[in-house]
Structure formats: C-alpha cells, structure tokens
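>>> Generate coordinates for the sequence data below:
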Amino acid sequence: MKLLNRVSHYDDVQLQFWRSDFPILKTKVHGKQLVYLDNAATTQKPLTVIETEQEYYRNYNANVHRGIHTLSQTATEAFEAARTKVQHLINAASPNEIIFVRGTTEGVNLVAQSYGRSRFQANDEIILSQMEHHSNIVPWQILCQQTGARLRIIPVNTIGELQMEVFESLLNEHTRLVAVTHVSNALGTINPVNEIIDQAHQRNIPVLLDGAQAIAHLPVDVQELDCDFYVFSGHKLYGPTGVGVLFGKAALLDAMPPYQGGGDMIRSVSFENTSYNTLPYKFEAGTPNIAGVIALGDAVDYVTSIGFEAIGEHEQALLSYATQRMGRIPGLRIIGTAVKKIGILSFVLEGIHPHDIGTILNNQGVAIRTGHHCTMPLMERLGLPGTARASFALYNTRKEVDALVEAIYKAKEVFKL
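Model prediction:
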C-alpha cells in the first residue's frame, strides 16, 4: 500500500497529492467538475482501498476462520490484521474488544438488544441528546417499548451546543445508560464527551458514544475517554460501505448475550444446548463482509499515514474560510455555530427551500446534502424543516468552497433574490 508522508501544515502541493488518490474526484457532473461536499454522509474512497477490496476477490476469496486451505488462511490473516489496525486506531486495550458490524446503526442496535434488553426494566432511564441521529434514537425507543424504560433528553441551545447543566440534573438513581453523539452530523458540534463520561461514571452509569462523524476527523482514544462503548461506520472513514465497528469494554461484552445466532459465534451446538464462542466472535454471526473489513483496515492505514493533526488543521482552515465567505451572502444563515466543531456547515437561505438549493447546486456540479439529516427532533427544536449541509474532508479545497459560494449565488439568481 502507498503510504503518505505525514505533514503538519496546510500545503497546496500536498493537498493535490492527496486528491490524486481519489479517482472519483475527476468526475464531471452536468459538464462541470465535481465538487463533492457530502462527506458527512459518506467519504470517497482512495484508490488503495478500492484496489484492496478488489484484490481479495481476485486473489484469495475464501471464508475466514473455518478453512485449513491456503486461501482461507490468507483471508483470515488479513481479516484479523484489520481488527488489530482498528484496535490501534482507537487505542482499545485488546483486539477482542473490536466487533465488526455493518455500521454504526447495527452497533447501536447490538448494544440496545444485547446489553439493554437483559438489564433494563420499567422506570429505568436512558439519556440521549436532542441532536442525535435517528440511529441513536430509534433502537432505544424500541428497547423502551420492550422493557418499560424511558428516554430522557439533553436539550440543545440556540448555537447548537448541549446544555450541560441540564444533563447533570438528568442523572439520577434510575439512569442506566447515556448514549450521545461524539460529533453532530447535522451541526458539526464536537460534544464535551469527556465531561459527559466523567459525570456519568461518578454514578457508575455506562456511556455509549456514536463516533460516526468523529472517526475521520478527530483522534479517538477509547482508553483515555474511558467510554464503555464506541461505534462508527467504515464508509465515513474512507472505507467501504456495509462495515463498521463496535468497541466495547471486554468485561461488558463478556457479560452480554449474543445478538444473533449462527456461524462462527458458536463453540458447540446440539439440539439440547449451544455454547458460544469467545470474544470477539460471539458477536460476529454468519459470514462477515470479509472484503469490506480488509479494505477498512487499508483505510485505517491511509488515514493514519497522513495523521489527524494534518487532517484537522486542513479541515479547520477550510471551515474558517467557508464560514467567512458564506457569512457574507445576503439572506444566508448558518445553523450551528458551536465554539468547537468539525468541518460541517449547515445553512438556510431565505426564500429558497433546502431541496431547491440542493437541486440548483447539483446542476453546477456541487454535491451537498439537504433535508433533516436523520435528525428530525433537532430540526423541530430549531424550528426548521431541514437545512442544506456542506461537509468537508481531507481532499476538499478552497477553490471548491468558492464553487459552492458561486453556486449559492446562482440559486439566488434563479429565485430572483
């Protein structure tokens, strides 16, 4: 695999080198150069990740953990090597704490059903925040319907930050879990997760962090955070779709019953009884997304070879530049102005529905996301049907921000505003 030299400052030459690794960025849309600013939904893939997935199918396609033949052994070694890479990425104590799932959504559902359903009962409470993605709301609602537990919600203030004084007041003897997003996908807000974890742990309450929007932008150290569960999706980390990670502390995972049955999660089976495999395999029923896991390992290599310091500095510079330029557009209002945020800019434009903004921008070759961003409770809190959202990644440029601004002015021109 091609490894890049670590850089620690914004550099146009280096940026073009990064961009050359992503073949899709050469695409034309409606005759114009693609400007891809929908990275909060999914990042594009470097060629090395694409080739790694193809290599598996071309050269050693076989099932893992079950075969003694060469192809199976090769696939198993690559699969388990990816687990170790993820362990090092987030500094888990052991590779056994890394469970491969289909994505953040499945990871949250796994914890809800395996950890929560066996422990929670009527009048128990689960604390979420008002800015959660639906994937970190609905699984807990289902659990509440099953057990009689109830949700308590941390409100969001007008600039898109959690009201931490309210969070502290929500913690009580009925609280059984806190599940919050590390970074808001709709606003870009970086939540004070260290403080949340510290306050919860003072009452021996476990904490799950939804890291889907954090994992590609911030260094994550689960031991330093001391979170009990951490979930993220590979496709937001320059990896494939259909693969993700659940980290859980070993003691918690050991005590949890399996989420699904069959395949490699068993040790022995009879019609009278089944005994289960050890971690991490107890939670990896059936044939996994082998190619996706191996390619995710390559995506981890790619990101860590660049370094989060360089990625963060570049993306923060883009965010600052875009905030300044878009702040000068008449009628445009940025939604979410937290002091600490990643490169996400949600906005509304007076007189134009977000979907119309997205359509006009697409005609100019600019890809953004519009709508409620799977955060309908947050949109209700903000009094909005939805927003337009531009989100940045390591390969985006100031020239692309300029193209976004020009396309927004085009939308105003179309609507005669």
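
>>> quick one: stretch 106-125 to chain centroid distance?
How far stretch 106-125 lies from its chain's middle: 21 Å, per C-alpha atoms, centre = their mean, to the nearest Å.

>>> Keeping just the C-alphas, turn that stretch into CSV.
Only the C-alpha atoms of stretch 106-125 are listed here, as CSV (Å, rounded to 0.1, in the frame of the first residue of the first chain):
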residue,chain,number,x,y,z
GLU,A,106,-26.1,-2.1,13.8
GLY,A,107,-23.6,-1.4,16.5
VAL,A,108,-26.1,0.7,18.5
ASN,A,109,-28.8,-1.9,17.9
LEU,A,110,-26.5,-4.6,19.2
VAL,A,111,-25.8,-2.8,22.4
ALA,A,112,-29.5,-1.9,22.9
GLN,A,113,-30.7,-5.5,22.5
SER,A,114,-27.7,-7.4,24.0
TYR,A,115,-26.8,-5.1,26.8
GLY,A,116,-30.0,-3.2,27.4
ARG,A,117,-32.7,-5.8,27.0
SER,A,118,-31.2,-8.1,29.5
ARG,A,119,-30.8,-5.4,32.1
PHE,A,120,-33.4,-2.6,31.8
GLN,A,121,-36.8,-2.6,33.3
ALA,A,122,-39.8,-0.3,33.9
ASN,A,123,-38.9,3.2,35.1
ASP,A,124,-35.2,2.8,34.1
GLU,A,125,-33.9,5.8,32.2
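
>>> buried residues in it?
Going by neighbour count (16 or more other C-beta atoms under 10 Å), the buried part of stretch 106-125 is 106-117, 120, 124-125. C-beta here means a position set from N, CA and C on the backbone, and glycine is covered the same way.

>>> So of those residues, which two are at opposite extremes in space?
The span of the buried residues of stretch 106-125, defined through C-beta to C-beta, is set by E106 and E125 at 24.1 Å.

>>> distance of the residue nearest to V339 when sequence neighbours are not counted from L143?
Take V339 and drop its neighbours on the chain: the residue closest to it by C-beta to C-beta, 6 or more residues apart in numbering is E161, 7.5 Å away. Per C-beta to C-beta, to the nearest Å, E161 is found 27 Å from L143.

>>> Residue nearest the middle of this protein, spatially speaking?
In the chain, the residue lying closest to the centroid (C-alpha atoms, centre = their mean) is A212, at 1.2 Å.

>>> thought that residue was touching S233?
Yes. Contact status for A212 versus S233: in contact at 5.3 Å, counting by C-beta atoms under 8 Å.

>>> Spit out the residues that contact these two alike.
By the contact definition C-beta atoms under 8 Å, 6 or more residues apart in numbering, A212 and S233 are jointly contacted by T104.

>>> The residue located most distally from the centre of the chain: helix or strand, and which one exactly?
Going by C-alpha atoms, centre = their mean, the residue of the chain most distant from its centre is E272, 40.9 Å out. If you go by DSSP states H and E, E272 is not part of any helix or strand.
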